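>>> Kindly return the folded structure for what I paste below:
(one chain, ligands or ions: 1)
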Amino acid sequence: MASDVAALALLLEPPPPGTTLNDKDASHICRRSASDLSYNDFYWQYMHNNWPVIITDVSNNWECRNWIRSGSATPDDKDDEANANINTAHTNINFDYLKSRIGDCLVPVADCNAKYFNSHAKIELRFYDFLARWRRSMLQKEHEQELNSNVIEKAMALNNLYLKDWHLAAQLPAYEFYSVPKYFASDWLNEQLVALKRDDYRFVYMGPRNSWTSYHADVFGSYSWSTNIVGRKKWLIMPPGEETKLADRLGNLPFKIDEELLAEQKVRFFTINQSANEAVFVPSGWFHQVWNETDTISVNHNWFNACNVPLVWRNLQTNMQAVRKEIADCSQMENFEAHCQTMLRASFGINYLDFIDLLEFIAARRLTALEHFTMGNKNSLLLFDRYTMNEYHLRYDLARLRQLLGHILEDETVRRSTSSELYNRCESLLQRLKQCPDMALPAEI
Ligand SMILES: O=C(O)CCC(=O)C(=O)O
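Take a look at the predicted model:
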């Protein structure tokens, strides 16, 4: 952020009365405009309640709107029903601009026609090669659309490559092609990973019409947000627990779903039709499948914070129990505990020590910021280079951390090794947190 630009404060206040979700709220997914949804309302109504919302007008000033040709339909134009099947994005996407701003780097691409275990097969392509294939397939589809619709299906089956999970922001840190909407700025996961220059969870997706993401819930039990720069996505999404209705006898979940299957299995689900300039907030543990109904480009983050970190911790514990069970026959082995942690990191993405690292990092930054406040100085902690937390927010984060540390110290793995680094670090972090005044907390999700 340029030094003359004032930081924006994330104004968190104690939850207003009636924060719990009532039956009416839980019967549908709302569209709210960024022009009249406050940070505090989003925090308590949606994030804290783990309920989805679609936020409109979130990307008005993003630089990446240049990825769309000026003069073509504006990205927030919502195509009407009559145009629903017509894909006009190739006239919108500014391939030349994309090439002028982004080098010919290697990008991760999913082949939506090839299944690999419970996901799509992944390949790597050069970015310009991906763009050239995408452009060719658009023109081919358009040409064939004029000829015969059966041929179109064949053409689509030939080429359905989806550039996804692309760490563009990390790859080109000087290129500010978007800014994180305030709602999603309390993000402990990327706060740590970006600061330490590790692999983060900030992504760009570019996919042709009919590319899709198979049925899943997000990594670690994180939240995700996804904003369309151009194009339309269709989501089928369901509250946590509904996915069990789809499990087979071994507990395996399907690779793909559709409305017919969900109706057959009496699954409670919602359909979201997402247009350009709209962000979908996906709560923790909500399984979903996503289709690009037109050529689509989106920006997406996975993250967690004070609201859903207890859930991430419970997922970590569950995965640890699964690892222990898997290698129970080696439990007498020297270094069994360390071995479990290695396997946990391989299967889940992080292990207990990684998690404690993150909690220590988040706590230290908030304790320092609070100290600055107490001394009457400005809050020096900037989130995503532009947001600061007010004092209540800092205290709230710290109180949640303290509560979580209490749970962690009761965990079987942590208690088993009271002389270990793991136990000592949890205990000493808890002691530091206990030096801050505690506060009453609403129930955890
Ligand atoms: O847009 C997509 O294809 C998938 C997005 C997704 O699954 C998510 O944001 O959680």
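>>> ok, longest helix in this protein?
Looking across the chain with DSSP state H, the single longest helix is helix 352-374.
>>> how's this protein carved up into domains?
19-69+89-303, 308-435 (the TED database).
>>> and the first one, how far apart are its ends?
So that's domain 19-69+89-303. For domain 19-69+89-303, the separation between the terminal residues is 22 Å (Cα to Cα, to the nearest Å).
>>> same thing with the shortest one?
For domain 308-435, the first and last residues are 24 Å from each other (Cα to Cα).
>>> what residues does the protein put near the ligand?
Taking Cβ under 6 Å from any ligand atom as the contact definition, the chain meets the ligand at Tyr205, Thr213, Asp218, Ser224, Ser226, Lys233, Val282, His288, Val290, Ser298, Asn300. Using the backbone N, CA and C atoms, a C-beta is placed for each residue, glycine as well.
>>> Where does the stretch 251-400 of the chain get nearest to the ligand, residue-wise?
In the stretch 251-400 of the chain, the residue that lies nearest the ligand is Val290 (3.9 Å; Cβ to the nearest ligand atom).
>>> The residue in the stretch 1-150 of the chain that the ligand sits nearest to: which element?
Using Cβ to the nearest ligand atom, Ala110 is the residue of the stretch 1-150 of the chain that sits closest to the ligand, at 9.0 Å. Taking DSSP states H and E as the criterion, Ala110 maps to strand 106-116.
>>> Next one: the spatially closest residue to Lys122 that is not a sequence neighbour relative to Ser214, how far apart?
Spatially, and ignoring its direct neighbours in sequence, Lys122 is nearest to Ala110 (5.6 Å; Cβ to Cβ, 6 or more residues apart in numbering). From Ala110 across to Ser214, the span is 9 Å (Cβ to Cβ, to the nearest Å).
>>> so what's in contact with the two at the same time?
Ser119, His120 (Cβ atoms under 8 Å, 6 or more residues apart in numbering).
>>> higher neighbour count, those two?
Between Ala110 and Ser214, counting by other Cβ atoms under 10 Å, Ala110 is the more crowded of the two (24 against 17).
>>> Which parts of this structure are helices?
So, for the chain - with DSSP H - the helices run 39-41, 89-92, 95-101, 127-147, 149-158, 168-171, 188-195, 259-264, 309-326, 336-348, 352-374, 391-408, 412-416, 421-434.
>>> before we move on, the earlier item: dump the residue contacts of the residue of the stretch 251-400 of the chain closest to the ligand.
Going by Cβ under 8 Å, 6+ apart, Val290 touches Trp212, Thr213, Lys233, Lys234, Trp235.
>>> cool, and Ser186?
With Cβ under 8 Å, 6+ apart, Ser186 has these contacts: Leu10, Tyr43, Asn305, Ala306, Leu383, Met389, His393, Asp397.
>>> any low-confidence regions in the stretch 151-300 of the chain?
151-158 (pLDDT under 70).
>>> That one: strands as residue ranges?
Secondary structure of the stretch 151-300 of the chain by DSSP state E, counting those that start in this stretch: the strands cover 161-166, 202-207, 212-216, 223-230, 233-238, 270-274, 278-282, 287-292, 296-303.
>>> which other residues reach the third one?
For strand 212-216, contacts defined as Cβ under 8 Å, 6+ apart pick out 110, 112, 115, 118-120, 162, 164, 253-257, 287-292.
>>> May I see the buried residues of that strand?
Residues of strand 212-216 classed as buried: Trp212, Thr213, Ser214, Tyr215 (neighbour count, 16 or more other Cβ atoms under 10 Å).
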